[in-house]
Every structure is written in structure tokens, then in C-alpha cells.
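Visitor: Below are the sequence and a predicted model; questions follow.
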Amino acid sequence: MKLGTVISYCTNDETFIRDCIDVAVQVSDQVIVPVSTHLYDGTPEDLKSIKKLSEEYPTVNFTTFDWSPGHHPRYWHNMSRIVGNHLLDNNIDWVLFIDSDEIIDPKLFTKFINSKSFDNNDSYKLGCYWYFREMNIRATTYEDSPVLVRKNLVHIDPNNLQIEREQLHEALNVPKQRMILQDGKPLVHHYSWVRTKEQMLQKVKAWGHNADKDWTALIEEEFSRPFNGKCFVNNYEFEVI
């Protein structure tokens with residue numbers, strides 16, 4: 001089967017993008033990185049940095065789409081994936097939608113898509129390890145954020161602000177499966193909250209969930225002390241690896 005990967009990216013996530021792409025090009029036939037002209041709070045994107053990154057990865061399609069005021073940040077998350085999916089070749093069979101802070105385990109992922117049971121479903125949510133503050137602080141709870149779906153089933157409503165990637169999976173009336181593990185392990189390492197205090201504050205300004213909580217106060221409290229074993233995002237418990 002032919003696999004296309006769409007990586008949602010902004011320069012707030014530059015720490016992770018090269019690791020993300022390095023694995024994506026290993027496991028994919030085509031990689032698209034859609035980038036908005038602005039961060040989702042309206043701050044102009046660093047397009048010079050995007051151009052430099054695209055020169056490092058000549059086989060990856062970096063494409064810029066125009067941002068305009070008046071839309072919720074989650075609208076633009078959806079638009080990013082719409083743009084990426086639109087640019088995939090017609091011969092692509094499956095699409096993997098990941099964010100640039102989600103790093104695929106190439107061995108486990110390849111083993112999964114080559115397994116006999118892979119064709120039993122039309123959409124999958126891939127299990128993730130979830131990290132906080134440092135790359136060696138890992139939640140004991142798994143998540144399943146990335147979506148792997150047959151390309152002919154992709155339908156994204158940009159105005160659906162509630163479930164973002166969930167609409168790619170949950171809205172489909174097809175055989176599907178959540179929390180995919182391989183050999184009992186998640187296929188993805190999710191580093192969304194592995195950041196310094198300053199990087200976290202920058203993240204929540206432009207984040208699609210920026211109105212969900214008083215993120216600034218939570219971040220200030222978090223970094224007023226050493227890590228205490230829980231996180232303010234979802235109250236997970238953690239282990240040091």
C-alpha cells in the first residue's frame with residue numbers, strides 16, 4: 001500500500017520537527033508539511049525558518065497556506081490537514097495525520113502496517129506514550145492521538161471545532177479501531193508538553209485549546225517548583241525512564 005503522511009507544523013514546535021520528519025520519510029511514500037502564514041493567534045510565522053527547513057528535506061513538500069483573522073485556532077488545525085490531504089498524490093492509499101511533536105517508532109509502525117490484521121479496518125488511532133517537561137518523564141497512561149485512515153474516507157469539516165482529528169476517525173461508519181499497540185507498546189512518542197517554561201507559554205498562546213483553562217497561571221505554578229509527579233494538563237501520573 002502507498003502511505004502519505006501529513007505533518008501539522010509551526011515553528012513553536014521546531015524542537016521536534018526534524019525527528020518527526022526523519023521517521024516519516026522512512027515509513028511513507030510521500031510527506032506533506034502544511035504551514036500557515038501565521039501562528040494561530042495571528043503572530044506572523046517565521047517563513048525564513050520554514051524555507052531553511054524545506055531545503056534540508058528536498059523530498060518533503062512544505063506548503064504554505066494563508067491565515068486570516070476571525071476563525072478559532074481549531075479551524076486552522078483542520079485547515080492544515082485539509083491542505084495536506086489535498087496535496088497527496090492520487091495513488092496514495094492511506095494517510096497518517098500526525099503533529100510535529102509526535103515521533104513514530106519506525107520498527108513498531110512498520111510491523112503493524114505489515115501485519116495480517118492491518119486490512120481488517122479502515123481507520124486507526126495509534127497509541128502514544130505521553131511526556132511532560134522532560135523527555136524522560138513519561139505518563140503511565142497511554143493516549144491515541146494520530147490517525148491512520150484510508151485516503152478515500154478522509155473528510156474534514158474545518159468548522160468542526162470540537163474534535164479535530166477525532167472527526168477523521170469517530171465520524172466514520174466503517175470498521176475501525178482505537179489505541180493501536182504493537183507488541184504491547186504504543187507506536188508513537190508524543191512530546192507536546194516537553195518544553196521550557198517560556199516554550200510552554202508560547203505554545204498556549206496559539207494553541208487550539210487556549211481557552212480551555214488558565215494555562216498561563218498553571219504554567220507559572222508548575223515551574224515555581226520541581227516536578228511533583230503529576231501534570232496540570234490531564235492529571236496523569238508519571239514514571240522517569
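Guide: That came through, no problem. Just so we're clear, the structure is a prediction, and the values are computed from it rather than from any experiment.
Visitor: C-alpha only now, for contacts and for neighbours.
Guide: Fine.
Visitor: ranges for the helices of the chain?
Guide: Assigned by DSSP state H, the helices in the chain fall at 14-27, 47-56, 73-86, 106-113, 166-169, 197-206, 215-222.
Visitor: Can you redo those helices as TSV, where the extra columns are mean pLDDT and distance to E134?
Guide: Below are the helices of the chain laid out as TSV (pLDDT from 0 to 100; distance: least, Cα to Cα, whole Å):
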stretch	mean pLDDT	distance to E134
helix 14-27	96	12
helix 47-56	96	24
helix 73-86	93	25
helix 106-113	97	22
helix 166-169	86	27
helix 197-206	88	11
helix 215-222	95	13
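Visitor: To D122, which of the ones you listed lies closest?
Guide: Closest to D122 of the helices of the chain is helix 166-169 (Cα to Cα; 9.1 Å).
Visitor: now for the closest one, which elements pack on it?
Guide: Where contact means 3 or more Cα pairs under 8 Å, 6 or more residues apart in numbering; DSSP states H and E, helix 166-169 is packed against strand 123-126, strand 147-150.
Visitor: re earlier: let me have the helices of the chain in CSV, extended by mean neighbour count and distance to F65.
Guide: Shown next, in CSV, are those (neighbours: other Cα atoms under 10 Å; distance: least, Cα to Cα, whole Å):
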stretch, mean neighbour count, distance to F65
helix 14-27, 18, 18
helix 47-56, 13, 11
helix 73-86, 21, 8
helix 106-113, 16, 29
helix 166-169, 20, 21
helix 197-206, 16, 17
helix 215-222, 15, 28
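Visitor: okay, those in JSON lines with distance to P34 next?
Guide: Converted to JSON lines, those look like this (distance: least, Cα to Cα, whole Å):
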{"stretch": "helix 14-27", "distance to P34": "12"}
{"stretch": "helix 47-56", "distance to P34": "10"}
{"stretch": "helix 73-86", "distance to P34": "6"}
{"stretch": "helix 106-113", "distance to P34": "22"}
{"stretch": "helix 166-169", "distance to P34": "17"}
{"stretch": "helix 197-206", "distance to P34": "16"}
{"stretch": "helix 215-222", "distance to P34": "26"}
